[in-house]
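Engineer: Sequence and computational prediction follow.
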Amino acid sequence: MNKRNYLILILVLILAMATLGSQLINYVDARNNKDYYYEIKQNQTLFGRIFEEISLRYVETIEPSKFIRAGIDGMLDELDPYTVYIEKDDSDELQIMTKGKYGGLGMRIIKREGYPTVIEPPMSDTPAEIAGIREGDQIIEINGQSTKELSVSETAKHLRGKPGTKVTITVQRAGEPEPVEFHLIRALIEVKDITYRGIVNDSIGYIQLSHFSKDAGNEVRQAIEALKRDGMKKLIFDLRGNPGGLLESAVAVTDNFLDKGEPIVTTKGRIKSANQEFLSENISSWGKEPLIVLVDGASASAAEITSGAIQDLDRGVIIGTPTFGKGLVQTVIHLGNEADLKLTTAKYYTPSGRLIQKIDAVKKGKESVFFAEADSSAVMAKNEEKNNPEKDPKKAFSTRKKRVVYEGNGITPDIVVKGIEYNDYLTALERKSMFFGFAVQYCAEHPELKLDFDVNYNVLKAFQNYLEEKKFDYKPTGLVYLEKFEESVKKEESYTDYKKPIESIKKVIENKKQEAFNQNVDVIKSRLKTEIAAKLGGTKAKVEASFREDPVLLKAIEILTNNLQYSFILNEQSLN
């Protein structure tokens, strides 16, 4: 790029920043008796000058777009984790979330054993399903290009495209000696957020919602109506693992459970337009019928808006573990040149006034970019904790029926029930795709399998053989720390004094590793059951196979079958 183009780029940058500054003057407030707008202008000029000097004088030639991106990333790193700059190549997921559709093939992939792999049956009536793509297929080539070095997002970019365009993929399939080639034509794929709906116990319905995309509210409404026709009298609404999505969708989903005009969520920010209260607008699809919502540590954002509103209004019982605590509102600002800024502009508050966001999401302190008094609530909480170390610093609020709830840790369930807890061994099996890979291979070798199969001794033995064949191994946390300790003392003259005890501890750990399979056999059987069921009957079969081993779901069923217990929880005066 020549000098003239450099100067044009710098001029455009400064003009853009000046425009931003002129817009900000209507919103910002003065702090510490300083002219806030004047300070913005001064620093815009400084930023542009530094960019110009480095671009024109630095000893090596700078690529302006990359250099600016580094500067943008540096600024955003000083804010919260959810304020991000999105370039065109990174905007696919945002478009899918906001529009609810995309051009592609209709399958979900993740990285398994070095290759992007189809991890669940393709969506119905999509190019992938019609062509016969199966769960477990490894995509080894796209249009003749190897996918070995591609990330999942890079692979997705190659698979997606304008509806009507062609793409050729080559898959390696368990049980097939040679790769299989598919010639597909992309179609418009509509995203579905409900992964399961059905009757789980007599008249108890169950809906599992995976995201809050554009049409989630209508999907939930339709699912409720369908289950009511099937005889549903009570409902379990599962938001576990749901990372959230659109604010509008959170309101629309929650609307299904509340009377018209009920408060759902309030947003508060620095600018006037960020301060809004959202109310339910329609007649409830579920009336005042019994409702239980399941949440966990991965339930975030929109999932917390829904569960928080239902809890604060005493509309239903929340069961599971505390949610993630993501209560910051992002506004997508289009910057032109096919780039967007997803900017945090407000915070979410539940109907009782609770802040959903965990206190430590934004960097604070003398070294931060914020004014010292910008978050007095967090400062007060820290001071209270320091002065009263035995007192819980989280602020208390009341639900409609005067039950006590707290802010500062997402949404705490009315009844805390932990799901299956994973130790080092089980976590390693999951991370290395041992359950998934075995299920794919086992189903290919046993085409006679039916959904009522049992994980018996033969299946467990086959799984053990599979682990040996794949040379599965793992490092317990204790061994990791021991190896670090050994590495540090090796430099000391007294290492010989440590060597024998270290070897003895290693032997103990190795013996424990050998016993790990038997110690975890119940969870292993459960995981094999769900993974094999998924290969035989898809997502529906996988969800249903997990019912009998799911302690959180079983607790929900227990409470819904006891009307007295359900009513007692919602009328209890305090929530611990």
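Structural biologist: Alright, I've got the coordinates.

Engineer: what about the strands in the stretch 201-350 of the chain?
Structural biologist: Using DSSP state E, counting those that start in this stretch, the strands found in the stretch 201-350 of the chain span residues 204-209, 234-238, 263-269, 276-279, 291-295, 317-320, 328-336, 339-349.

Engineer: Check which helices and strands the first one sits against.
Structural biologist: For strand 204-209, the elements it packs on are strand 194-201, helix 216-229, strand 234-238, helix 551-560, judged by 3 or more CB pairs under 8 Å, 6 or more residues apart in numbering; DSSP states H and E. For every residue, glycine as well, the C-beta is placed using N, CA and C.

Engineer: Neighbouring strands - and their directions - for the first one?
Structural biologist: Strands adjacent to strand 194-201 in the sheet, as given by DSSP bridges, are strand 204-209 (antiparallel).

Engineer: average model confidence for the strand it pairs with?
Structural biologist: The average pLDDT for strand 204-209 rounds to 97.

Engineer: Can you check what angle separates it from helix 551-560?
Structural biologist: On the basis of axes from the mean of the first three to the mean of the last three CA atoms, to 10 degrees, strand 204-209 is oriented at 140 degrees to helix 551-560.

Engineer: Next, the angle from strand 204-209 to strand 291-295.
Structural biologist: 40 degrees.

Engineer: centre of the chain versus strand 204-209, how much separation?
Structural biologist: 20 Å (CA atoms, centre = their mean, to the nearest Å).

Engineer: now swap in stretch 328-339 and tell me
Structural biologist: That offset, for stretch 328-339, works out to 20 Å (CA atoms, centre = their mean).

Engineer: can you list contacts of that stretch?
Structural biologist: 80, 82-83, 85-88, 91, 94, 98, 247, 267, 269, 274, 340-348, 357, 361 (CB atoms under 8 Å, 6 or more residues apart in numbering).

Engineer: mind giving me the domain split of the protein?
Structural biologist: 3-78, 101-190, 194-362+380-416, 424-549 (automatic domain parsing).

Engineer: tell me the most buried of these?
Structural biologist: Neighbour counts (mean count of other CB atoms under 10 Å) averaged over each of the domains of the chain peak at domain 194-362+380-416, with a mean of 19.

Engineer: rewinding a little: out of the strands of the stretch 201-350 of the chain, flag the one nearest residue 63.
Structural biologist: strand 339-349 (16.5 Å; CB to CB).

Engineer: between that closest one and strand 263-269, how big is the angle?
Structural biologist: Relative orientation of strand 339-349 versus strand 263-269 (the same axes, to 10 degrees): 120 degrees.

Engineer: tell me the angle of strand 339-349 relative to strand 328-336?
Structural biologist: Using the same axes, to 10 degrees: strand 339-349 against strand 328-336 is 160 degrees.

Engineer: mind showing which ranges of the stretch 251-400 of the chain have poor pLDDT?
Structural biologist: Applying pLDDT under 70 to the stretch 251-400 of the chain flags residues 337, 359-367, 371-393.

Engineer: rerun at 80
Structural biologist: 336-339, 359-394 (pLDDT under 80).

Engineer: Can you show me the helices along it?
Structural biologist: 302-312, 376-387 (DSSP state H, counting those that start in this stretch).

Engineer: Would you reformat the helices and strands packed on strand 204-209 as CSV and include mean pLDDT and distance to residue 47?
Structural biologist: Output for the helices and strands packed on strand 204-209, formatted as CSV (pLDDT from 0 to 100; distance: least, CB to CB, whole Å):
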stretch, mean pLDDT, distance to residue 47
strand 194-201, 92, 46
helix 216-229, 96, 40
strand 234-238, 98, 47
helix 551-560, 96, 50
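
Engineer: for the most far-flung residue of the chain relative to its centre, helix, strand, or coil?
Structural biologist: Distance from the C-alpha centroid of the chain peaks at residue 493, with 48.8 Å (CA atoms, centre = their mean). Classification of residue 493 by DSSP: H, G, I helix; E, B strand; the rest coil places it in coil.

Engineer: list the contacts for residue 293?
Structural biologist: Counted by CB under 8 Å, 6+ apart, residue 293 has contacts 236-239, 306-307, 310-311, 316-319.

Engineer: any chance of the domains of the chain in a markdown table, with distance to residue 562 too?
Structural biologist: Listed next are the domains of the chain as a markdown table, based on distance: least, CB to CB, whole Å:
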| stretch | distance to residue 562 |
| --- | --- |
| domain 3-78 | 50 |
| domain 101-190 | 35 |
| domain 194-362+380-416 | 10 |
| domain 424-549 | 19 |
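
Engineer: right, and those - which one's nearest residue 368?
Structural biologist: Short answer: domain 3-78, nearest of these by CB to CB, at 7.1 Å.

Engineer: Let me know the average pLDDT across that closest one.
Structural biologist: 71.

Engineer: Spatially central residue in this structure, please.
Structural biologist: Centre-nearest of the chain using CA atoms, centre = their mean is residue 243, 3.6 Å out.

Engineer: if I pick that one, what's in contact with it?
Structural biologist: 211, 298, 300-301, 303.
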